[in-house]
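1. Attaching a predicted model along with its sequence, questions to come.
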There are 2 protein chains.
Amino acid sequence: MVQSAVPESSAERFDARRREILLSASRAYRERGFHATGMREIAQAAGMTAGNLYHYFAGKEALLAFCQEESARRLNELAAWVEEQPLRADARLHALIVGHVLVLNEGLPGSLAHLEVESLDGEGRRRVVTLRDRYEEALRGILRAGMDAGVLRRADLKLTALAILGAINWTVKWFRPGGKSSAREVGEHFAEQLVRGLLAPEVELMRPAGEVPIFGSAAHRENNATPTDSSRTR
Amino acid sequence: MVQSAVPESSAERFDARRREILLSASRAYRERGFHATGMREIAQAAGMTAGNLYHYFAGKEALLAFCQEESARRLNELAAWVEEQPLRADARLHALIVGHVLVLNEGLPGSLAHLEVESLDGEGRRRVVTLRDRYEEALRGILRAGMDAGVLRRADLKLTALAILGAINWTVKWFRPGGKSSAREVGEHFAEQLVRGLLAPEVELMRPAGEVPIFGSAAHRENNATPTDSSRTR
DNA sequence: TAGCTTCTTGAACCGTGGTTCAATCCGCCG
DNA sequence: CGGCGGATTGAACCACGGTTCAAGAAGCTA
């Protein structure tokens, strides 16, 4: 599965290790929540010592910031992808919902989204909030377009978006891989239910043609250079 | 507003003080989250010393348990009330959604619901989880009845319920009293959107007749005796 | 192999925050 | 007025957990 066979250069190993940590951390956060999870715990899950974590991250908060930034970034990639698909608004919305559920629950690393932004401060918080706002704006954009086109019922954009986001984000509280439904099934179900709730009368529901890809799971190398500035510790 | 004019007996003052604390605590939890809020902080908000808190509650966790139990109990009262209304399933669902939003965001005391159950242990946790499960079962019951009657589209009960619960519970993350919309408006909007998403084809949406009452805000005296056993500390 | 840099460790430091407790205050009852 | 019990305080206790650091191991380059 994991193509960690040939760790290339030193800088690349550093990044890879960072991602491993990220993975352990986000798993732990998911179980017990951010505040309840200790550094030693995360370290152990990543197969290292607590002190060593500080070689890769400036501190607890930086680690959280990194996690959140990661998934926020993926959501924005998803939104960009959805926007360039040649689909009607309702199908677009459908795809976005499925993709969002997948990012949160399938894309292993960083999967706790913008939950817990409250625990962030300063620069890190600003960055995450910006990304989150951009994504939510994209969602509202789809809704607006759908309403303008008469495909979706007219309603308050903010509230409509928040209902959708709530349903999806809440999944991280209960979804467990290996459970009764796969993340994709959950996504499809939610998309169906939520999109139907917005359809204008007389309009027949339209779904996207192919499968929505999973953003962040793999096939993600040449990102824009140095995503985080607070990377290297000293 | 608050009829705290004549504090009756000593035992009743004790209970009243407990509720005041509860109120401060739940407000604080809401702002910063459970783990991030200190006892001294809660105490100060309640106009007392940290040490004094322990006269009313056994500890931090007991306090949280009490909060959660309180709102879980209210949700169940709501569900019971909804069930005895002579309404069609979709209208019932509508009422339940509105009421749920109101309990979480308007019924001041204890308003953080079953979020953060993870932070509980032992007896307290068991009790909260039981109450939560009972409520969710009530919700699924309404959905099932609606599907059986052909009013609602047939779909997975668990997932359908979770989508609804997610949208609603998520409101505690963003709703602020005094904001653009009132809790009731949010509730109405959500009910509209969510119920529509489930309506069977050809069925015309039906709303409840009157206004859904707010459970827990006031008019709540003669509860069933001694709700919590872990009441009196020593 | 020497010598640099990067990783890694384990132990120690230290602030925060939950909790305890003895002492005091206050209201009520006889 | 005397005194009893609940209420309240403030300070101290103490463990947990984030963080630091000096020292050593492992890699890489020449």
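-> Cool, got the structure.

2. centroid residue for chain A?
-> Centroid-nearest residue in chain A: A:Ser71, 3.5 Å away (criterion: C-alpha atoms, centre = their mean).

3. A strand includes it, no?
-> No - A:Ser71: not assigned to a strand; according to DSSP: H, G, I helix; E, B strand; the rest coil it is helix.

4. do you know how far the residue in chain A sticking out farthest from the centre is from DNA strand D?
-> Outermost residue of chain A with respect to the C-alpha centroid, by C-alpha atoms, centre = their mean, is A:Glu202; its distance is 33.8 Å. Look at A:Glu202 and DNA strand D: by C-beta to the nearest atom of the strand, to the nearest Å, they are 55 Å apart. Using the backbone N, CA and C atoms, a C-beta is placed for each residue, glycine as well.

5. swap in A:Ala16?
-> Taking C-beta to the nearest atom of the strand, one finds A:Ala16 at 13 Å from DNA strand D.

6. Was I right to think A:Gly33 contacts B:Ser119?
-> Yes - at 7.2 Å, A:Gly33 counts as touching B:Ser119 under the criterion of C-beta atoms under 8 Å.

7. May I ask you to confirm that the residue nearest to the centre of chain A is in contact with A:Val172?
-> No - using C-beta under 8 Å, A:Ser71 is not in contact with A:Val172, being 10.0 Å away.

8. And A:Leu205, how close does it get to DNA strand C?
-> 49 Å.

9. er, A:Asn105 I mean
-> Distance from A:Asn105 to DNA strand C, by C-beta to the nearest atom of the strand: 29 Å.

10. Okay, buried residues for stretch A:53-63 please.
-> A:Leu53, A:Tyr54, A:Tyr56, A:Phe57, A:Ala58, A:Lys60, A:Glu61, A:Ala62, A:Leu63 (16 or more other C-beta atoms under 10 Å in any protein chain shown).

11. Which one of those is nearest to B:Ala191?
-> Using C-beta to C-beta, the shortest approach to B:Ala191 within these belongs to A:Glu61, at 38.4 Å.

12. Does the closest one belong to a helix, a strand or coil?
-> helix.

13. How about the contacts made by it?
-> A:Ser119, A:Leu120, A:Asp121, A:Gly124 (C-beta atoms under 8 Å, 6 or more residues apart in numbering or on different chains).

14. just to revisit the earlier point, need the overlap of contacts for A:Gly33 and B:Ser119.
-> Between them, A:Gly33 and B:Ser119 share the contacting residues B:His35, judged by C-beta under 8 Å, 6+ apart.

15. Without its sequence neighbours, what residue ends up closest to A:Ala95?
-> Nearest non-adjacent residue to A:Ala95, counting by C-beta to C-beta, 6 or more residues apart in numbering or on different chains: A:Pro208, 4.4 Å away.

16. secondary structure element for the residue in chain A positioned nearest to DNA strand C?
-> Residue nearest to DNA strand C within chain A (C-beta to the nearest atom of the strand): A:Gly51, separated by 2.3 Å. Under the criterion of DSSP states H and E, A:Gly51 resides in helix A:50-56.

17. What parts of chain A come near DNA strand D?
-> A:Ser10, A:Thr37, A:Gly38, A:Met39, A:Arg40, A:Ala50, A:Gly51, A:Tyr54, A:Gly59, A:Lys60, A:Glu61 (C-beta under 7 Å from any atom of the strand).

18. okay, those residues in a markdown table with distance to A:Gly107 and pLDDT next?
-> Conversion of the residues of chain A next to DNA strand D to a markdown table gives the following (distance: C-beta to C-beta, whole Å; pLDDT from 0 to 100):
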| residue | distance to A:Gly107 | pLDDT |
| --- | --- | --- |
| A:Ser10 | 27 | 78 |
| A:Thr37 | 20 | 93 |
| A:Gly38 | 25 | 95 |
| A:Met39 | 24 | 97 |
| A:Arg40 | 26 | 97 |
| A:Ala50 | 27 | 96 |
| A:Gly51 | 29 | 96 |
| A:Tyr54 | 26 | 97 |
| A:Gly59 | 25 | 95 |
| A:Lys60 | 23 | 95 |
| A:Glu61 | 22 | 93 |
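
19. Quick check: residues of chain A near DNA strand C?
-> A:Ser10, A:Arg13, A:Phe14, A:Arg17, A:Met48, A:Thr49, A:Ala50, A:Gly51, A:Asn52, A:His55.

20. from the residues you listed, which has minimum pLDDT?
-> Taken together, those show their lowest pLDDT at A:Ser10, with 78.

21. That residue: neighbour count?
-> 8 (other C-beta atoms under 10 Å in any protein chain shown).

22. any idea how far A:Ala16 is from it?
-> Distance, A:Ser10 to A:Ala16, using C-beta to C-beta, to the nearest Å: 11 Å.

23. And for A:Thr49?
-> Taken as C-beta to C-beta, the span from A:Thr49 to A:Ala16 is 18 Å.

24. Backbone torsions only: list them for A:Leu152.
-> The phi and psi values for A:Leu152, taken as degrees, to the nearest 10, are phi -110, psi 150.

25. Report the contact partners of it.
-> Residues in contact with A:Leu152 (C-beta under 8 Å, 6+ apart) are A:Ala89, A:Asp90, A:Leu93, A:Leu143, A:Gly146, A:Leu198, A:Leu199, A:Ala200.

26. Name the member of the residues you listed with the most neighbours.
-> Counting by other C-beta under 10 Å, top hit in the contacts of A:Leu152: A:Leu93 with 27 neighbours.

27. right, and it touches A:Arg144 too?
-> No - the criterion here is C-beta under 8 Å, and A:Leu93 misses it with A:Arg144 at 11.2 Å.

28. farthest pair in the buried residues of stretch A:53-63?
-> It's A:Tyr56 and A:Glu61 that sit farthest apart of the buried residues of stretch A:53-63, by C-beta to C-beta, at 13.9 Å.

29. what's around A:Arg134, how many residues?
-> Neighbours of A:Arg134 using other C-beta under 10 Å come to 13.

30. how about the nearest residue to it, chain neighbours excluded?
-> Nearest one to A:Arg134, counting by C-beta to C-beta, 6+ apart, is A:Asn76 at 6.0 Å.

31. can I assume that neighbour sits in a helix?
-> Yes - judged by three-state DSSP, A:Asn76 forms part of a helix.

32. where are the low-confidence patches of chain A?
-> Low-confidence segments of chain A, defined by pLDDT under 70: A:1-8, A:108-114, A:217-234.

33. what helices or strands is the longest helix belonging to it leaning on?
-> The residue-count maximum for a helix in chain A (DSSP state H) belongs to helix A:122-148. Contacts defined by 3 or more C-beta pairs under 8 Å, 6 or more residues apart in numbering or on different chains; DSSP states H and E place helix A:122-148 against helix A:60-83, helix A:89-105, helix A:157-169.

34. tell me the most buried of these?
-> Highest mean neighbour count among those (mean count of other C-beta atoms under 10 Å in any protein chain shown): helix A:89-105, with a mean of 26.
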